[in-house]
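Participant: Give me a model of this one.
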Amino acid sequence: MKVEIEFTEPLLGTRAGNKELATEYQASKHPDQIQEDEADAIENIDEKLEKSSTVFDRDEERKPFLWDYQIKGFFKAACRAMRDTETHTKKELEAAKLRAYKKTIDTLIFVKPRRILLQMPDGAEMSFCERPLRGQTVRGERISLARSEEAPAGTKMVLEILTMNKKLDKYVEKWLEYGSLYGLGQWRNSGKGRFKFKLLKE
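Facilitator: Numbering: from 1, shown residues only. As a prediction, this is how the structure comes out:
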């Protein structure tokens, strides 16, 4: 299925603005070797962005994008929520091979392209979202400032979702509907990254 996603709330970047930190984190996810396209995306991060910020990955033309695996991660969160609320019954999940949903999403659901470009509204630009983070430590509560690059509401992206088992299609649509409640990117619990979607004719 081909899908257009439109963000109804601003979307925050998740990549560390510090290239060394970003490379180190990505390498921790790939014990053998960081993938070449991911290394390139880190190199394309603007040097002017502050080290304490989270940002979007950029392609060779400095256009912001999301990775395919970020969508699959969202699917896992949505499926878990619907399983916990029993929106999906055990019988339905077994029939769709979703009892072990993480494995099913990893092996039977694929997102294309690998780099999903963000298309901002005409005349819109990236901005930054700053907010305090509170944390409990042995010395008491500490407050720090988080800063994230922000794509405005109205930003769109187009992707394709391939399911190897057609019984999964209706679940994918339900998960996408969940995007109106729980979004993508940083600070989702505040409503950031919420979206709506529509199916496009292929």
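Participant: Closest to the centroid, which residue in the protein?
Facilitator: residue 70 (3.8 Å; Cα atoms, centre = their mean).
Participant: pLDDT value on the nearest residue to residue 182 once chain neighbours are set aside, please?
Facilitator: Spatial nearest neighbour of residue 182, excluding adjacent residues (Cβ to Cβ, 6 or more residues apart in numbering): residue 188 at 5.9 Å. In this view, the C-beta of every residue, glycine as well, is placed from N, C-alpha and C. What the model reports as pLDDT for residue 188 is 90.
Participant: Next: residue 132.
Facilitator: For residue 132, pLDDT reads 75.
Participant: Show me which helix or strand of this protein is least confident by mean pLDDT.
Facilitator: Lowest by mean pLDDT, DSSP states H and E among the helices and strands of the chain is helix 19-29, with a mean of 48.
Participant: returning to what we had before: next SSE downstream of the helix or strand where the residue nearest to the centre of the chain lies?
Facilitator: Residue 70 is located in helix 68-84, with elements delineated by DSSP states H and E. Heading C-terminal from helix 68-84, the first helix or strand you meet, by DSSP H and E, is helix 90-95.
Participant: Tell me who's in contact with residue 92.
Facilitator: residue 98 (Cβ atoms under 8 Å, 6 or more residues apart in numbering).
Participant: if we can go back for a sec, report the separation between the residue nearest to residue 182 and residue 150.
Facilitator: Computed with Cβ to Cβ, to the nearest Å, the distance linking residue 188 and residue 150 is 13 Å.
Participant: So between these two, which is more surrounded?
Facilitator: Legend: neighbour count by other Cβ atoms under 10 Å for residue 188 and residue 150, higher for residue 150 (25 against 18).
Participant: The helix or strand where the more buried one lies packs against which elements?
Facilitator: Following DSSP H and E, one finds residue 150 within strand 140-151. Judged by 3 or more Cβ pairs under 8 Å, 6 or more residues apart in numbering; DSSP states H and E, the packing partners of strand 140-151 are strand 11-12, strand 53-55, strand 127-137.
Participant: picking that back up, from residue 130, how far out is the nearest residue to the residue nearest to the centre of the chain once chain neighbours are set aside?
Facilitator: Using Cβ to Cβ, 6+ apart and skipping the chain neighbours, the partner closest in space to residue 70 is residue 184 (6.5 Å). Taking Cβ to Cβ as the measure, residue 184 falls 20 Å from residue 130.
Participant: what element comes up after the strand holding residue 150 heading to the C-terminus?
Facilitator: strand 156-163.
Participant: I appreciate the help and will end here.
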